[in-house]
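In: give me a model of this one.
(chains A and B)
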Amino acid sequence: MKKNLIYLIGIVFLMASCYPGEIESYQELDLVFTNYDQAYNFVSKGTYAMPDKIVKITGDLAEGEMPEFVKEPYNTQILTIIEQNMTALGWTKVDDPKNADLALMPASWTNTTIVYWYDYWCWYYYYYCGWGWYYPYTTSYTTGTLVMTLVSNSADYTEPHTVWTAAINGLMSGAYNTSRVTNAINQAFKQSEYLSTK
Amino acid sequence: MKRIFAIALICSLLCTTRIYSQVGSHFAMQYDISFGIGDLGDYISAASFRGATFQYRYAVNSNILIGIDAAWNVFYEKKDYDSYTMDTRTLSGVQCRHQNQVPILAAVDYLFKPGSTLQPYIGFGLGTMYSERYTEMGIWALENNPWQFVIKPELGVMYRFNARNAAKLSLRYYSGFGGDLDTQSYLSVSIGFVL
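Out: Numbering: from 1, shown residues only, chains lettered A, B, ... in the order given. Model prediction:
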């Protein structure tokens, strides 16, 4: 009787345990976030300026050193996709930011996180084992983020004022994936129809 | 893992008391299929096929049983790529939604035909329910784990094989309220054994 009971408990917990259909690809972890200033009238504007390099934000930059930039050909690929989307929304690119209603500033960074299970310290004191007795492990992952900000010129605000922000975040697979980046940038503009000047 | 271990330990302790062998009193284990209703149904529309209920009943007399219920129901749904907008902010991505419901209740059942092979019954339970709502998007996650008060009406039938063992089929409605979540309700269809 007791043996049957244990088998039954086991079967019930097996049925109640794992999840089906979890994340199956890097693409499924891609996120696109946008936000905008509701008070800003995009329809009345029409020109923007954009640098020809994408800044890589690093710790060194914060210490006053010259910034690094995204390498070619990725730099040009990304800027081209951004420009295509801005054009589709009715914006005209100008060379001199002084003559532009808005400046579009792209930047990127990566972030590596190292995770270790605290049972790693089981050898040190049994308390840190918790309830489970697992093999110790460590793991790490790197995420990449591309941020695009639209900043208004001095005609509207005395200080630089961000009127639109888009952030694209994803888990890096180790190889640059053009379609992932393209799709994410396109999505950022697709969910920002209010940017249209038409 | 810790939760499984804790629940298995509690169940093992209940088994070793051998109370279930008393005539009229019993220990029951059931497999649950559950369906979210209201806020829970809006959050996860998919049915849950991962659930279990453990019940102990003590026979006060031939018609009335009192006891405790503990259940664990796991709801999960992977949402397709979509955009979610809140005021001026929009976030797009694939969402994985998880919700664990662990109701623990004091319960009373009324047997309509206590002496017969087929024993229909109605029941009512009152207790607390732990809800664990976990929303994953990208590498980020939001978690909300309130304890709620819960009520549980139940309708079921037991088919007795002999004096101690029976098959049990039941329909339970859980409604948890209070805490940091709206009312969490779900319906469970359960099938299992009385030992």
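
In: which pLDDT does the model give the spatially most central residue of chain A?
Out: For chain A, the residue nearest the mean C-alpha position is residue A:169 (1.6 Å; C-alpha atoms, centre = their mean). In this model, residue A:169 is scored at 90, pLDDT.

In: check which helix or strand it maps to.
Out: Using DSSP states H and E, residue A:169 sits in strand A:161-171.

In: and the next helix or strand past the helix or strand bottoming out on mean pLDDT in chain A?
Out: Least confident helix or strand, chain A: helix A:2-16 with a mean of 55, by mean pLDDT, DSSP states H and E. As assigned by DSSP H and E, the chain's next helix or strand after helix A:2-16 is strand A:31-36.

In: which element follows that next one toward the C-terminus?
Out: Stepping forward along the backbone from strand A:31-36, the first helix or strand reached (DSSP H and E) is strand A:47-49.

In: tell me which helix or strand comes right after that following strand.
Out: strand A:55-56.

In: could you tell me the average pLDDT over that next one, please?
Out: 90.

In: list the helices and strands it packs on?
Out: strand A:68-69, strand A:102-116 (3 or more C-beta pairs under 8 Å, 6 or more residues apart in numbering or on different chains; DSSP states H and E). Placement of C-beta: from N, CA and C, glycine included.

In: partners of the shortest one, with directions?
Out: Partner strands and pairing direction for strand A:68-69 (DSSP bridges) are strand A:55-56 (antiparallel).

In: count of residues packed around the closest residue to residue B:102 other than its chain neighbours?
Out: In this structure, residue B:102 finds its nearest non-sequential neighbour in residue B:130, 4.3 Å apart by C-beta to C-beta, 6 or more residues apart in numbering or on different chains. Residue B:130: 18 surrounding residues under other C-beta atoms under 10 Å in any protein chain shown.

In: dump the residue contacts of residue B:130.
Out: For residue B:130, the contact set (C-beta atoms under 8 Å, 6 or more residues apart in numbering or on different chains) comprises B:100, B:101, B:102, B:103, B:104, B:145, B:146, B:147.

In: before we move on, what about residue B:191?
Out: The contact partners of residue B:191, taken as C-beta under 8 Å, 6+ apart, are B:30, B:31, B:167, B:168, B:169.

In: same thing but at 10 Å, please
Out: With contact taken as C-beta atoms under 10 Å, 6 or more residues apart in numbering or on different chains, residue B:191 is in contact with B:30, B:31, B:32, B:33, B:156, B:167, B:168, B:169, B:170.

In: which helix or strand contains the closest residue to the third one other than its chain neighbours?
Out: Leaving out its chain neighbours, the residue that sits closest to residue B:32 by C-beta to C-beta, 6+ apart is residue B:51, at 3.2 Å. With secondary structure defined by DSSP H and E, residue B:51 is part of strand B:50-59.

In: any idea which helix or strand comes after that strand?
Out: Assigned by DSSP H and E, the successor of strand B:50-59 is strand B:64-86.

In: tell me the first helix or strand C-terminal of that next one.
Out: With DSSP H and E, the next secondary element past strand B:64-86 is strand B:89-111.

In: tell me the strands beside that following strand, with direction?
Out: If you go by DSSP bridges, strand B:89-111 pairs up with strand A:31-36 (antiparallel), strand B:64-86 (antiparallel), strand B:118-137 (antiparallel).

In: pull the contacting residues for the residue lying closest to residue B:98 once chain neighbours are set aside.
Out: Excluding the flanking residues, the one nearest residue B:98 by C-beta to C-beta, 6+ apart is residue B:134, at 4.3 Å. Counting by C-beta under 10 Å, 6+ apart, residue B:134 makes contact with B:76, B:96, B:97, B:98, B:99, B:100, B:141, B:142, B:143, B:144, B:145.

In: is it true that the first one touches residue B:95?
Out: No. Under the criterion of C-beta atoms under 10 Å, residue B:76 lies out of contact with residue B:95, with a separation of 11.4 Å.

In: quick revisit: which among the contacts of residue B:130 end up buried?
Out: Burial by neighbour count, 16 or more other C-beta atoms under 10 Å in any protein chain shown: within the contacts of residue B:130 this picks out B:100, B:101, B:102, B:103, B:104.

In: can you add pLDDT and give these back as TSV?
Out: As requested, these are exported to TSV (pLDDT from 0 to 100):
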residue	pLDDT
B:100	96
B:101	96
B:102	97
B:103	97
B:104	98
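
In: same list (the residues you listed) but as TSV, adding distance to residue B:189.
Out: As requested, these are exported to TSV (distance: C-beta to C-beta, whole Å):
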residue	distance to residue B:189
B:100	18
B:101	15
B:102	18
B:103	15
B:104	20
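
In: for chain A, give me the ranges with low pLDDT.
Out: A:1-21, A:59-64, A:116-137, A:154, A:176 (pLDDT under 70).

In: so who does the residue in chain B sticking out farthest from the centre touch?
Out: Distance from the C-alpha centroid of chain B, by C-alpha atoms, centre = their mean, peaks at residue B:88 (38.7 Å). Counting by C-beta under 10 Å, 6+ apart, residue B:88 touches A:34, A:35, A:36, A:37, A:38, A:164, A:194.

In: report the two of these separated the most.
Out: A:34 and A:38 (12.7 Å; C-beta to C-beta).

In: who has more neighbours, the two?
Out: residue A:34 (25 against 9).

In: report the beta-bridge partners for the more buried one.
Out: Assessed by DSSP bridges, residue A:34 has beta-bridge partners residue A:166, residue B:90.
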